[in-house]
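[1] Sharing a model prediction with you, sequence too.
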Amino acid sequence: MSEETIFSLILDNKIPCHKIYEDNLVLAFLDINPFSPGHTLVIPKEKASTLDKLSDDSAAAIGRVLPRISNAILKVVGAKEFNIIQNNGINAFQTVFHVHFHIIPKFDDGRGLQYPFKSSPINHDEATIMADRLSKLLSN
Ligand code: AMP
């Protein structure tokens with residue numbers, strides 16, 4: 001169970017939001033500080049602070065509706081492309097500690113998520129060990 005957040009206040013109807021979708025496990029509403037028009041947050045009703053703590057049922061419910069909500073947003077804002085980002089932890093840019101998925105339309109004129117991320121080539125020796133450990137953990 002996570003602490004009370006601004007999203008729990010929205011879920012409890014204590015503060016308003018621009019709601020676009022709701023079912024028994026999921027709520028989606030427009031982000032108050034959008035990267036681009038149509039920027040939407042999809043959240044579980046379950047009060048989990050980060051994705052790794054979310055139940056399978058809530059995760060499945062979000063996964064089930066993400067494509068449909070994305071499709072509706074694209075139609076309404078007239079974009080063809082979009083990003084989904086999902087931040088977990090302060091250093092990973094999370095500011096509201098209630099799980100949420102951002103759906104961010106990307107427009108031809110550049111509006112939307114900019115790309116600040118850096119990567120470097122995989123080390124295959126380390127990757128072999130890591131993949132082995134992960135697959136063992138996940139097979140339980
Ligand atoms: P994150 O940085 O991934 O934790 O994103 C939190 C998001 O919540 C930000 O994009 C905020 O603009 C958004 N946000 C914060 N408060 C509200 C609110 N009351 N209604 C809608 N979106 C909000």
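    Everything's here; your move.
[2] And the strands in this structure?
    Along the chain, the segments classed as strands by DSSP state E run 19-22, 26-30, 40-44, 81-85, 101-106.
[3] what's the second one in contact with?
    Counting by C-beta atoms under 8 Å, 6 or more residues apart in numbering, strand 26-30 makes contact with 10-11, 17-22, 38-45, 58, 61-62, 65, 69, all of which sit outside it. Where C-beta positions appear, they are placed from N, C-alpha and C, glycine not excepted.
[4] related to what we said a few turns ago, most packed of the strands of the chain?
    Most buried of these, by mean neighbour count (mean count of other C-beta atoms under 10 Å): strand 40-44, with a mean of 23.
[5] Partner strands of that strand and their direction?
    On the basis of DSSP bridges, the sheet neighbours of strand 40-44 come out as strand 26-30 (antiparallel), strand 101-106 (antiparallel).
[6] now these as CSV including mean pLDDT and distance to Glu126?
    Conversion of these to CSV gives the following (pLDDT from 0 to 100; distance: least, C-beta to C-beta, whole Å):
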stretch, mean pLDDT, distance to Glu126
strand 26-30, 97, 37
strand 101-106, 96, 29
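[7] Output those in CSV, with distance to Lys118 appended to each entry.
    Conversion of these to CSV gives the following (distance: least, C-beta to C-beta, whole Å):
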stretch, distance to Lys118
strand 26-30, 30
strand 101-106, 20
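[8] Enumerate every residue touching the residue nearest the centre of the chain.
    To find the centre residue of the chain, average its C-alpha atoms and take the closest one (C-alpha atoms, centre = their mean): that gives Phe101, at 1.3 Å. Contacts were defined as C-beta under 8 Å, 6+ apart; by that measure Phe101 touches Leu41, Val42, Ile43, Ile62, Leu66, Ile84, Ile85, Gln86.
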